[in-house]
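Engineer: Take a look and give me a structure for this.
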Amino acid sequence: MKLAVMQPYLFPYIGYFQLIYATDLFMIYDDVAYIKQGYVNRNSILSANGATRLTIPVPGASSNKLISALEFSVDVEKVIKTISQSYSKAPYFDDVFPMIRGALELKDRTIATVCQKSYEEIFSYLGLEKQFKKTSELEYDRSASARDRLIALCHQFDADCYINAPGGRKLYAKQDFVEKGIDLKFIDSLQVVYSQGVDKFVPNLSIIDMLMNCPPSQVIEHMERYELG
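Structural biologist: Here you go, the predicted model:
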């Protein structure tokens, strides 16, 4: 089994979804500290003015609080309106917009729940089944080191392969995982380009941009554009 663990991000870019796509079980790492000024509650889309930042407030946000203890604000109408205005003429707007809106207006406002709902809806739209779990709902030693927590999560679900984002190369050594019976892999995204209806392609936008502009089959093709090493 292939497993990955990552903090929840709001409609992240394609690289995040490639990580989910590459795994059998994707764990939403919500029992760690919230990072202010990060991408947990923000991302960028393409509007008439170019790349435009979307942000949903997180009341009481603090690096001293766990992600699982925080909620998104219910004030999402401005974000929804910006998305609607930016993509109303996009080829897949009618299919995608209700899905985006539904996730943003979810009654349960906890960060991990809203993000998980969005991931589930997106993969369902693509005709793919993926398994998700929140780490806050699991029993394991949270006092252990970051590396040992990941190894413990792998063992809990009999995962023999752990896939990490590229930045993990600075944090984790493959041999440490091999000694515990786990093959540590790092995922690297390949170049992804698609039609955005503009002269010059703008990379690394929220998955919203790709969903609005590409048919499901093409989105899946882009999810497959990665290497494991």
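
Engineer: Which positions in the longest helix along the chain come out as buried?
Structural biologist: Using DSSP state H, we find that the single longest helix of the chain is helix 111-125. Across helix 111-125, burial judged by 16 or more other C-beta atoms under 10 Å covers 111, 112, 113, 114, 115, 116, 117, 118, 119, 121, 122, 123. (Glycine included, C-beta is placed from N, CA and C.)

Engineer: got the contact list for the closest residue to residue 30 other than its chain neighbours?
Structural biologist: Nearest non-adjacent residue to residue 30, counting by C-beta to C-beta, 6 or more residues apart in numbering: residue 112, 3.8 Å away. When contacts are counted by C-beta atoms under 8 Å, 6 or more residues apart in numbering, residue 112 is found next to 8, 28, 30, 67, 68, 134, 136.

Engineer: Just the ones in strands from the residues you listed, please.
Structural biologist: Members of the contacts of residue 112 lying in strands (criterion: DSSP state E): 28, 134.

Engineer: of all the contacts of residue 112, which two lie farthest apart?
Structural biologist: Farthest pair in the contacts of residue 112 (C-beta to C-beta) is 8 and 136. Separation: 10.5 Å.

Engineer: which residues do these two both contact?
Structural biologist: Residues touching both residue 8 and residue 136 (C-beta under 8 Å, 6+ apart) are 30, 112.

Engineer: Now do the strands in this protein.
Structural biologist: Under DSSP E, the chain gives strands at 2-6, 25-28, 42-47, 50-55, 131-134, 161-164, 183-189, 226-228.

Engineer: Just put those strands in JSON lines and tack on mean pLDDT and mean neighbour count.
Structural biologist: Putting the strands of the chain into JSON lines (pLDDT from 0 to 100; neighbours: other C-beta atoms under 10 Å) gives the following:
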{"stretch": "strand 2-6", "mean pLDDT": "98", "mean neighbour count": "21"}
{"stretch": "strand 25-28", "mean pLDDT": "98", "mean neighbour count": "22"}
{"stretch": "strand 42-47", "mean pLDDT": "97", "mean neighbour count": "20"}
{"stretch": "strand 50-55", "mean pLDDT": "96", "mean neighbour count": "14"}
{"stretch": "strand 131-134", "mean pLDDT": "98", "mean neighbour count": "17"}
{"stretch": "strand 161-164", "mean pLDDT": "98", "mean neighbour count": "22"}
{"stretch": "strand 183-189", "mean pLDDT": "98", "mean neighbour count": "18"}
{"stretch": "strand 226-228", "mean pLDDT": "98", "mean neighbour count": "14"}
